Each structure stands twice: as C-alpha cells, then as structure tokens.
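In: Mind folding the following:
(one chain, ligands or ions: 1)
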Amino acid sequence: MSIRHRAGRVRELAFGSEEQFVRYLGYHVAAFSAQDVGLSRRIGERYQMLTMPNRMIGCYAVGEGGFASFFLYRTDDWRLPDDPAAALRDRFGDLGWVVPELLEASSGDVYFDQAAQVEMDNWHRDRIVLVGDACGAVSLFAGHGASLAMTGAYVLAEELADGNVEEALARYQARMRPPVTRTQEFGRRFTEWMAPSSRWRIVLRDWMFRLAGLPFVRTRILASVLPPTGNVLDRPQQDRALS
Ligand SMILES: Cc1cc2nc3c(=O)[nH]c(=O)nc-3n(C[C@H](O)[C@H](O)[C@H](O)COP(=O)(O)OP(=O)(O)OC[C@H]3O[C@@H](n4cnc5c(N)ncnc54)[C@H](O)[C@@H]3O)c2cc1C
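Out: Residues are numbered from 1 along each chain as shown. All right, here's what the predicted structure looks like:
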C-alpha cells in the first residue's frame, strides 16, 4: 500500500508546526478508487454504506468498471499506524459483503490520514496567504471542503483585484472565516451521524433518514444536523470602506 496524506510544509514554514492548528476528530480515514468490473457491478452506482459501531465503509461504482471506497474507524490514537493495510485488515477483516474484496484492492495507491480540522487565527502573514484545507479544513464529516476551497480562491482573487494587498487579505479572511467556522461546527456534530458509536445510535440514524421526507422531521429534527447554507460571494458593504 502506498500512502498519500495531507501535506502542510508551506504552512509549517510560514506559520509554525501543525500541532497548533490541527484538531483531531477521533477517526482515521482511508480512501481509494480502483478498477474491477465484477466488484463495480456488485457495488452498483448508488452510494452503499455499511456501518458498525465506531467504523464505517462507503463505496459506489464509478466510470467503466471502476469503484471508489472509503473506510472510517474511531481511534483515540491520532498517530497513523506504521502499516495502514494491516490496520484496515484488523479493523474490517471480520466483515462480509464486498469488504474482503475491498481490502484486497486496498493494496494500491491509498489516501490514509486522520480525520481532522484546521483552525488558525490568521490565514495570512506578510504576503503569504493560505487557502482551502491549509487554513480551514472542515473534514470529510462536513463535506463542502472542495467548494469552500474553490470559493476561497475566488474571493481571494476578487479582493486582490481591488489593490492594497494587506487589506485585501484581511477582507478575504473576514468573508471566508464565518462559513468555514459554521461548516466545521456542523462537521463535528455530524461525526455521530456518519460513524455512530453504538448499535442503537445506528438504528436511530437510519430511522431519521427514512423519515426525512416528513416535514416535521426535516425542519425540526434534521435541520440541526444539516450543513449550513449562505452566500459568501455577495460582498458585504462594510468591506468597501476598507478599500
Ligand atoms: C475521504 C475524503 C472525502 C471527502 N469528500 C468530500 C466531498 O464529498 N465533498 C467535498 O467538498 N469535500 C470532500 N473532501 C474534502 C476535500 O477533498 C478537500 O476539502 C479539498 O480537496 C481541499 O482542497 P485544497 O485545494 O485546499 O487542498 P488539496 O485538494 O489537498 O490540494 C492541495 C494540493 O497541493 C499539493 N501540495 C502540497 N504541498 C505542496 C508543495 N509544497 N508544493 C506543491 N504542491 C503542494 C498537494 O499535493 C495537493 O495536490 C473529502 C476529503 C476526504 C479526505
């Protein structure tokens, strides 16, 4: 298994060691995609999820005979194991369905990392500025990481187009931090929904999702665990006073 995981070298050089900024959420995650026509057909194009207390597997077919999958397990030890393939076999080797084949296929290029968020007081220093996961990773629990990264780049470019770099960086951070913070809060709440810690919580979650079509459940109960919405592309009026 070759491993890819988060790199924070530039951030470390300019802002300091990652321990100051990374909030570990209590899980390790592995993700990979591979080609296997038979397995791809068995999985099917709908997203399939297998949840056991404190561990979860998700997978779906992609493209011609391919599939994508990810494994999530809870562990208090934030350090990554020396042998991630063995760690996955240890955690998931007792499961049936397509899991033995997925574990077999996980010997290739695999993303393996802690599920974590990045929280920083300052996203810029002098003329160095961070965008996306580097300054505000929300984690896979929250989703939206890719759109926040792209939105951040767009907002940064928009603000830089206005002239003074220092002020532009301050406005960029002021616009992007609130949605990033809200999404991180949501991500932390969502851990128990994605990988519940007990069987009864799994049953409860599954019933909630089944009942999600009912208005009361959707607006009163699920609203608190759904991702935040908002539009950061609208430029606040007070920002203009800075330029
Ligand atoms: C398992 C998993 C599932 C996810 N699912 C979703 C999802 O469904 N929806 C969603 O929106 N988000 C999801 N995310 C989060 C999403 O992938 C990230 O938030 C997003 O990719 C962040 O984009 P980025 O450009 O900031 O960082 P990255 O995508 O990590 O890009 C940074 C790039 O910089 C490169 N790099 C690093 N250091 C250097 C250097 N010194 N020199 C040159 N290059 C360098 C890296 O190799 C990398 O290619 C998921 C994440 C994981 C781990």
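In: Report all helices and strands that the lengthiest strand in the chain contacts.
Out: The residue-count maximum for a strand in the chain (DSSP state E) belongs to strand 22-35. Secondary-structure packing of strand 22-35 (3 or more CB pairs under 8 Å, 6 or more residues apart in numbering; DSSP states H and E): strand 66-74, helix 84-92, strand 109-118, helix 165-194. In this view, the C-beta of every residue, glycine as well, is placed from N, C-alpha and C.
In: quick one: contacts for Arg89?
Out: Taking CB atoms under 8 Å, 6 or more residues apart in numbering as the contact definition, Arg89 lies against Leu103.
In: Per-residue pLDDT of it, please?
Out: Looking at Arg89, its pLDDT reads 92.
In: how much space between it and the ligand?
Out: 19 Å (CB to the nearest ligand atom, to the nearest Å).
In: Gly66 now?
Out: Counting by CB to the nearest ligand atom, the gap from Gly66 to the ligand is 16 Å.
In: Next, count neighbours for that residue.
Out: Gly66 has 16 neighbouring residues, counting by other CB atoms under 10 Å.
In: Is Ser198 in contact with Pro53, as I believe?
Out: Yes. Look at Ser198 against Pro53 with CB atoms under 8 Å: they come within range, at 5.2 Å.
In: More neighbours: which of these two?
Out: Pro53 (14 against 11).
In: Got the phi and psi for the more buried one?
Out: Dihedral angles of Pro53 (phi, psi; degrees, to the nearest 10) stand at phi -50, psi 130.
In: so what's it scoring on pLDDT?
Out: The model's pLDDT for Pro53 equals 95.
In: wait, is Ser142 part of a strand?
Out: For residue 142 the amino acid is Ala, not Ser. No. Applying DSSP: H, G, I helix; E, B strand; the rest coil, one finds Ala142 to be coil, outside a strand.
In: Can you see whether stretch 166-177 contacts the ligand, counting any residue in it?
Out: No. Stretch 166-177 lies apart from the ligand when judged by CB under 6 Å from any ligand atom; the minimum separation is 11.9 Å.
In: Output the below-cut-off pLDDT ranges for this structure.
Out: 1-7, 218, 220-232, 236-243 (pLDDT under 70).
In: need the residues of it near the ligand, please.
Out: Residues of the chain lying near the ligand (CB under 6 Å from any ligand atom): 7, 9-10, 29, 31, 70, 132-134, 140, 143-147, 149.
In: Could you pull up the contacting residues of Gly136?
Out: By CB under 8 Å, 6+ apart, the neighbours of Gly136 are Gln117, Val118, Glu119, Met120, Trp123, Leu148, Gly152, Met176, Arg177, Val180, Gln184.
In: The last one against Gln117, yeah?
Out: Yes. Between Gln184 and Gln117 there is a contact under CB under 8 Å: 5.1 Å.
In: Could you pull up the residues touching the most centrally placed residue in the chain?
Out: Compute the mean C-alpha point of the chain, and by CA atoms, centre = their mean the closest residue is Leu140, 1.7 Å away. Contacts of Leu140 were listed using CB under 8 Å, 6+ apart, and they are Val29, Phe70, Leu72, Ala115.
In: JSON lines please, covering these and showing neighbour count.
Out: Output for the contacts of Leu140, formatted as JSON lines (neighbours: other CB atoms under 10 Å):
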{"residue": "Val29", "neighbour count": "21"}
{"residue": "Phe70", "neighbour count": "17"}
{"residue": "Leu72", "neighbour count": "22"}
{"residue": "Ala115", "neighbour count": "22"}
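In: Before I go, just wanted to say thanks for your time.
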